[in-house]
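Participant: Predicted model follows, preceded by the sequence.
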Amino acid sequence: MSIADTFAKAKSENRAVLVGCMPAGFPTVDRSIEQMIAMHEAGCDVIEVELPYSDPVMDGPVIQKASDIALANGVRTRDTLKIIEAVASAGATVVLMTYWNPIEKYGVDAFARDLAAAGATGLITPDLIPDEAAEWIAASDRHGIDRTFLVAPSSTDERIAMTLANCRGFVYATALMGVTGARQVVSSQAPELVARIREADPAMPVGVGLGVGNGKQAAEVAAFADGVIVGSALIRCVLEAPGRTTGLANLRALSAELAEGVRNR
């Protein structure tokens, strides 16, 4: 199912979409596949696979640590494509989140081609702005990959309008300034940013990320956004668990709690 279809289905059910993030290859390729499928089965509508990167400028300490573990274990772009293929084959809607450098190194058109072949429906590029994305926009059009750019509370109205014009699938609204990571409270800037986005383009689904860590917060965000994006809290379930079985159980439990939150906004 495409991103657009996933958001449309959730809207017909009068609820938000739950996007769960997990780095590829954390802690191993096989375990990351197992974890992402568990997240999907427990209620995550979209699995956001993160390509581990050595200089993740937007990611907080939890995602950085998980990515470091994956990189130390030898995960590479080809492994990430294998993971996407396995998770998509299990029935999940999959998007990839990656910084631009690995795409450029791989080859932009080849990356779009192989990403589509693996079963991903979209790509989130946190450090690529539409003004500098002509090559990616062309490649994503050729291979049918939805593209998600980011807007922030600091974005001007002009910047928001230009970003939305180049998004397809959904736009990623960062709910606060700074790196990713679960917070005690949801950012008060998020509802205002979502309202500005909807004023610019009422039809574009808005996913809100940065800070959600439990079902209550998920419900708060789902009350004003089309999608709730959760990463660090889910990763911590695995990172802080004494072993595989406990980590998987904790991951399923939190995924289910978050899924209930977006459904009971």
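Facilitator: Great, that's in hand. What you see is a predicted model; the values in this text were computed from it and never measured.

Participant: Can you list phi and psi of the spatially most central residue of the chain for me?
Facilitator: Nearest residue to the geometric centre of the chain (C-alpha atoms, centre = their mean): Glu48, 3.9 Å. The phi and psi values for Glu48, taken as degrees, to the nearest 10, are phi -100, psi 110.

Participant: Can you read off the pLDDT for it?
Facilitator: According to the prediction, Glu48 has pLDDT 98.

Participant: Excluding chain neighbours, give the residue nearest to it in space.
Facilitator: Cys21 (4.1 Å; C-beta to C-beta, 6 or more residues apart in numbering). C-betas here are computed from N, CA, C, even on glycine.

Participant: any idea which element the one you found lies in?
Facilitator: Using DSSP states H and E, Cys21 sits in strand 17-23.

Participant: That strand - contacts with which helices or strands?
Facilitator: Judged by 3 or more C-beta pairs under 8 Å, 6 or more residues apart in numbering; DSSP states H and E, strand 17-23 is in contact with helix 3-12, helix 29-42, strand 46-50, helix 61-72, strand 206-209, strand 227-230, helix 232-239, helix 244-263.

Participant: These: which one's closest to Thr174?
Facilitator: strand 206-209 (6.2 Å; C-beta to C-beta).

Participant: List of residues touching the helix or strand following the closest one?
Facilitator: Next in sequence after strand 206-209, counting helices and strands by DSSP H and E, comes helix 215-222. Contact partners of helix 215-222, identified using C-beta atoms under 8 Å, 6 or more residues apart in numbering, comprise 15-16, 18, 175, 185-186, 190, 208, 211-212, 228, 230, 257-258, 260-262, 264-265.

Participant: before we move on, the earlier item: what about the helices and strands packed on strand 17-23, which gets the closest to Val95?
Facilitator: Going by C-beta to C-beta, the one of the helices and strands packed on strand 17-23 nearest Val95 is strand 46-50, 5.3 Å.
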